[in-house]
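>>> Here is a sequence with its predicted model. Questions after.
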Amino acid sequence: MKPRPKSASRGQRNEGRAALARALSELGFCSRTKGFELIQAGRVQLNGTMPKNPETPVRPGKDKIEVDGAAVTASEKSYWMLTKPRGLVTTAEDERGRETVYTRLPEGLPWMGPVGRLDQASEGLLLFTNDSEWADKITAPESHLDKTYHVQVGALPEDALLDALANGVTTGHGESLRAKRAERIRVGEKNSWIEIVLDEG
C-alpha cells in the first residue's frame with residue numbers, strides 16, 4: 001500500500017503556507033498522492049531546489065514550482081458529474097488492468113480527482129473536480145451532507161434489521177457506524193432493496 005501524504009498543519013495554513021504536495025493539488029495539477037510520488041521521485045523543483053519531502057512548506061502564488069522543468073500555474077476550477085456504470089473502478093490507474101471511471105471522461109480535461117468513491121459493483125452519481133479545497137469540504141464528516149444509496153440485500157429485512165442500521169454498530173476499533181435512515185423500497189421473494197441515507201463518510 002502506498003503511503004498517503006498528510007495535509008499541511010493548521011499552523012502552516014495560518015501563515016499562508018501549504019505543504020508542497022498539497023500545493024500541487026490545490027493548483028489543480030495532480031492529486032496529493034500523485035504529488036507525493038512526483039516529489040519523492042525528484043521531478044518537482046521549488047525555487048530552483050529539488051526537495052524530497054512532500055511536507056516542505058511553500059507560499060502559494062509566491063514560490064516557483066516546476067514539474068519536469070515546466071512551471072506549475074493554477075488551473076481553472078472545473079466541476080463534473082458522471083453517472084458511473086457498474087464494472088468501473090474509481091481510480092486513475094488500476095494495477096489489475098480493470099477499466100476505470102476516467103475512460104468515461106472527455107479527453108483534454110485538466111487533472112480532476114473523484115469526490116468520494118463508488119466501488120466496482122456500484123452505479124450512480126460521482127463528482128470530479130480539480131478544486132481540492134471544495135472536495136475536502138464536501139467529503140469532510142462534519143459537513144453532514146446526505147448521501148443516498150439503494151442497496152440490494154439477499155434477505156427480507158425485518159424492522160429489527162432496519163432499526164439496527166439506524167442505531168448503528170461498533171467496530172473492533174471502537175468506531176460507531178450508523179445510517180441516518182434505512183427503509184425498504186422494494187421486496188421480492190428472496191431479496192430486497194433498502195434505501196440507506198448516510199451523512200458521514
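Structure's in. What do you need? Residues are numbered from 1 along each chain as shown.

>>> From now on I want contacts and neighbour counts done on CA atoms only, so please keep to that.
Will do.

>>> mean confidence score for stretch 41-55?
Averaging pLDDT along stretch 41-55 gives 94.

>>> Give the buried residues for it.
R43, V44, Q45, L46, M50, P51, K52, P54, E55 (16 or more other C-alpha atoms under 10 Å).

>>> Stretch 57-69 now?
P57, V58, R59, P60, K64, I65, E66, V67.

>>> So which of the residues you listed is the closest to E26?
Nearest to E26 among the buried residues of stretch 57-69, counting by C-alpha to C-alpha, is P60 at 9.0 Å.

>>> Give the rounded mean pLDDT of stretch 103-117.
Mean predicted confidence for stretch 103-117 is 89.

>>> So which residues of this protein form helices?
Ranges of helices within the chain are 10-14, 20-26, 32-40, 132-139, 159-167, based on DSSP state H.

>>> Which one of those helices lies nearest to T100?
T100 lies closest to helix 32-40 among those, at 16.8 Å (C-alpha to C-alpha).

>>> Would you mind pulling the contact partners of that closest one?
R4, P5, L20, A21, R22, L24, S25, V44, P51, K52, N53, P54 (C-alpha atoms under 8 Å, 6 or more residues apart in numbering).

>>> Name the nearest of the residues you listed relative to E200.
Distances from E200 to those, taken by C-alpha to C-alpha, are shortest for R4, at 20.9 Å.

>>> Kindly reformat the contacts of helix 32-40 as TSV and extend each row with distance to A92.
Output for the contacts of helix 32-40, formatted as TSV (distance: C-alpha to C-alpha, whole Å):
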residue	distance to A92
R4	15
P5	17
L20	21
A21	18
R22	18
L24	17
S25	15
V44	21
P51	25
K52	24
N53	24
P54	21
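
>>> related to what we said a few turns ago, make CSV out of the helices of the chain and add distance to R178 and mean neighbour count.
Output for the helices of the chain, formatted as CSV (distance: least, C-alpha to C-alpha, whole Å; neighbours: other C-alpha atoms under 10 Å):
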stretch, distance to R178, mean neighbour count
helix 10-14, 30, 12
helix 20-26, 31, 27
helix 32-40, 29, 20
helix 132-139, 17, 16
helix 159-167, 5, 15
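
>>> Out of those helices, flag the one nearest D199.
helix 132-139 (9.9 Å).

>>> Check which helices and strands that closest one is in contact with.
On a contact count with 3 or more C-alpha pairs under 8 Å, 6 or more residues apart in numbering; DSSP states H and E, helix 132-139 meets helix 20-26, strand 113-115.

>>> mind putting those in TSV, distance to N167 included?
Output for the helices and strands packed on helix 132-139, formatted as TSV (distance: least, C-alpha to C-alpha, whole Å):
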stretch	distance to N167
helix 20-26	37
strand 113-115	27
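
>>> Return the distance of the closest residue to P57 other than its chain neighbours relative to K64.
Counting by C-alpha to C-alpha, 6 or more residues apart in numbering, the nearest residue to P57 once its immediate chain neighbours are dropped is A19, at 4.6 Å. Distance of A19 to K64, given as C-alpha to C-alpha, to the nearest Å: 14 Å.

>>> got it, and F36?
Plainly put, F36 is 17 Å away from K64 if you go by C-alpha to C-alpha.
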